[in-house]
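# Here you go, sequence then predicted model.
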Amino acid sequence: MKLNTRLRSSGQVVVILVIVLVLLGIGYWWLNSTKQEMAKEGKQFANEAVQKIVVQHDVNFFGSHLSPQARMNFPVSAQQEFMNDIVQMGSPVGAIDLQGQIEFQSQFFEPHGAFHARINYPARYADFDVSISHPVGRWQIDTIAFVKQSQQFGPGPAPAAPSPSAASLPPSAPPAGSAPPGS
């Protein structure tokens with residue numbers, strides 16, 4: 001009688017362990033699939049941000065997707081100035097290749113990503129950098145930068161060579177032809 005009770009009791013423990021292991025496996029699968037989905041959504045949001053900001057010049061999208069800290073860094077006047085810099089470059093030439101990836105702060109939670117794109121324009125190019133995150137509820141822009149490059153495509157005028165007298169001056173000496181201070 002005692003032996004039968006022990007076998008029944010150990011069988012129940014095994015069943016409970018199997019159930020717990022199955023639940024842990026399902027939990028891990030769910031967390032992993034959610035992580036992959038969040039990474040996919042993050043890349044899509046970064047692509048959408050580039051399209052809306054750089055190609056379509058949508059200041060409303062830009063302003064409505066800034067994080068609270070980014071809103072402090074980009075008040076409405078700075079947002080308009082930022083967009084004006086982009087609009088002045090004209091329409092991009094060719095497809096925009098956005099590079100970057102989504103990472104997770106704590107294995108499965110707190111996704112954030114940094115993305116970079118080189119955007120070609122008819123006469124020159126610009127570098128576009130954006131970092132995004134998904135703290136609660138939706139993706140947001142944490143930092144953004146648009147840096148116009150002065151380099152032109154194709155053959156352009158060669159830069160002027162420095163004059164021999166300017167090249168040989170020590171850094172503290174005033175340029176040739178200027179009056180000393182106080183005269």
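Received, thanks.

# where exactly do the strands run in this structure?
Using DSSP state E, the strands of the chain run over residues 98-106, 109-120, 124-133, 140-152.

# Make CSV from those strands and add distance to Q79 and mean pLDDT to it.
No exception for glycine: its C-beta is placed from N, CA and C like everyone else's. Compiled in CSV, those are given as follows (distance: least, C-beta to C-beta, whole Å; pLDDT from 0 to 100):
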stretch, distance to Q79, mean pLDDT
strand 98-106, 21, 91
strand 109-120, 19, 93
strand 124-133, 14, 94
strand 140-152, 10, 86
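
# May I see those strands organised as JSON lines, with distance to N60 and mean neighbour count added?
Listed next are these as JSON lines, based on distance: least, C-beta to C-beta, whole Å; neighbours: other C-beta atoms under 10 Å:
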{"stretch": "strand 98-106", "distance to N60": "21", "mean neighbour count": "14"}
{"stretch": "strand 109-120", "distance to N60": "21", "mean neighbour count": "17"}
{"stretch": "strand 124-133", "distance to N60": "17", "mean neighbour count": "18"}
{"stretch": "strand 140-152", "distance to N60": "13", "mean neighbour count": "15"}
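
# Put together CSV for the ones you listed, with distance to I26 on each row.
Formatted as CSV, those follow (distance: least, C-beta to C-beta, whole Å):
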stretch, distance to I26
strand 98-106, 20
strand 109-120, 18
strand 124-133, 28
strand 140-152, 31
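
# which stretches of the protein form helices?
With helices called from DSSP state H, the chain shows them at 2-50, 59-64, 68-73, 76-89, 164-168.

# Out of those helices, which is closest to P122?
helix 76-89 (9.1 Å; C-beta to C-beta).

# distance between that closest one and the chain's centre?
Remark: helix 76-89 is offset 19 Å from the chain centroid, using C-alpha atoms, centre = their mean, to the nearest Å.
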